[in-house]
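1. Mind looking at a prediction? Sequence and model below.
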Amino acid sequence: MTSLTTIRMATLTINNTTTRIKLPFHSIKTPPPFFTKSPTNHPKLLSIRPNSVSESSVSLPVDDAEEEEEVDDPTAELSYLDPETDPGSVTEWELDFCSRPILDIRGKKIWELVACDSSLSLQYTKYFPNNVINSVTLKDAIVSICDELDVPIPDKIRFFRSQMQTIITRACKELGIKPIPSKRCLSLLLWLEERYETVYKRHPGFQKGSKPLLALDNPFPMDLPDTLYGEKWAFVQLPFSDVKKELETLEKSFAFGATLDLDLLGIEIDDNTLIPGLAVASSRARPLAAWMNGLEVCSIEADLARANLVLSVGISTRYVYASYKKSPVTTSEAEAWEAAKKTSGGLHFLAIQDSLDSDDCVGFWLLLDLPPSPV
């Protein structure tokens, strides 16, 4: 791998020690935007047939006219499995169980269960009245999905709403499923964003201006646990070609880290484009990467006002990951790093290394900032 290219030189603080990191100067130049995302980037979403509770798009053929008519029905529910997908391979789901900005005939908000896998090969939606929302309803619905689509009970289910953690966790545990609170439900979040525009806003019961009943948490960051401390860090950037090499290495070697399906997310990037990231060096890099691997790392952001970096993991856990001595130079560096993230549509990475001069990573996480779900 090409060495991580540092953006600037700065006085950095980790674990209460100040280290002057002498690294090559490399200023950021803002390239043109290259992140493209729209419903047309999800062909599977556009080819799916919504259906009633008693129907399955996988089992009932329809002519083109009928399919087009049903696709336009915002009240229809969805039960779909890509016919080219091995049902036994769909072992990890992403799930949301929450109210929608839609009122039923009683004037009460409708709730909806939305489930998919990361590749969107499995997609399922079902509406519920607000007086049946509990773990039993959810457990029965999960079983129904498996029965309708002939897929096994999943091994893991990721979800991103902390307010639903008790209900989802209880339903999962009764079925022997591992519940994973995580904002790395990117396929689900983008699908919800699309459904808001193409389904909810066209529903006859849609309530314009309705705020989400269960808003996402953004708590004040906590002190970093000792097990997650590094010794040095630097803002860095990698050509996208090298980012892809790191991801290939990660997938082949089962190393520490996490990747993203960039094709599914509609991210088109030139190989020479520089992707911003954070490199963390530690003499105990492998144990550090192992600890980090169990945290569902979501994103890293620079808090310019407090001169620190905030690491977001899980659903709503935020840590002060590192800090720096505030000055015009360091503030400019942090601003440049955040600007590079915005230019890349939120794409960035975390690399854990034995040394900042190393060409190899012990752990590599590809991360993506996303706006909050509209529902």
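-> Okay, I see it. Numbering: from 1, shown residues only.
2. Please point out which parts of the longest strand seen in the chain sit buried.
-> Secondary structure of the chain per DSSP state E: the longest strand is strand 92-103. Using 16 or more other CB atoms under 10 Å as the test for burial, strand 92-103 gives Trp93, Glu94, Leu95, Asp96, Phe97, Cys98, Ser99, Arg100, Pro101, Ile102, Leu103. In this view, the C-beta of every residue, glycine as well, is placed from N, C-alpha and C.
3. Closest one to Gly277 out of those, please.
-> Ranked by distance to Gly277 (CB to CB), the buried residues of strand 92-103 are led by Glu94 at 24.8 Å.
4. separation between the closest one and Pro221?
-> To Pro221, Glu94 is 25 Å away according to CB to CB, to the nearest Å.
5. Quick one: residues in contact with stretch 98-109.
-> 110-112, 129-131, 161, 164, 200, 203, 205-208, 210, 212-214, 375 (CB atoms under 8 Å, 6 or more residues apart in numbering).
6. Can I get that stretch in CSV, CA atoms only?
-> These are the backbone C-alpha positions of stretch 98-109, laid out as CSV (Å, rounded to 0.1, in the frame of the first residue of the first chain):
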residue,chain,number,x,y,z
CYS,A,98,-40.8,2.9,14.1
SER,A,99,-43.7,5.3,13.4
ARG,A,100,-44.0,7.0,10.1
PRO,A,101,-45.3,10.5,9.2
ILE,A,102,-48.6,8.9,8.2
LEU,A,103,-52.0,8.8,10.0
ASP,A,104,-54.4,6.0,9.9
ILE,A,105,-58.2,6.3,9.9
ARG,A,106,-58.2,6.9,13.7
GLY,A,107,-55.8,9.8,13.3
LYS,A,108,-53.0,7.9,14.9
LYS,A,109,-49.5,7.5,13.5
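7. Measure how far it is from the centre of its chain, please.
-> 27 Å (CA atoms, centre = their mean, to the nearest Å).
8. which two in the buried residues of strand 92-103 are spaced the farthest apart?
-> For the buried residues of strand 92-103, and using CB to CB, no pair is farther apart than Trp93 and Leu103, which are 28.2 Å apart.
9. and Ile105, how many residues sit next to it?
-> Applying other CB atoms under 10 Å, we find 7 other residues in the vicinity of Ile105.
10. what are the ranges of the strands in the stretch 101-250 of the chain?
-> Using DSSP state E, counting those that start in this stretch, the strands of the stretch 101-250 of the chain run over residues 109-116, 122-128, 156-159, 178-181, 222-223, 232-239.
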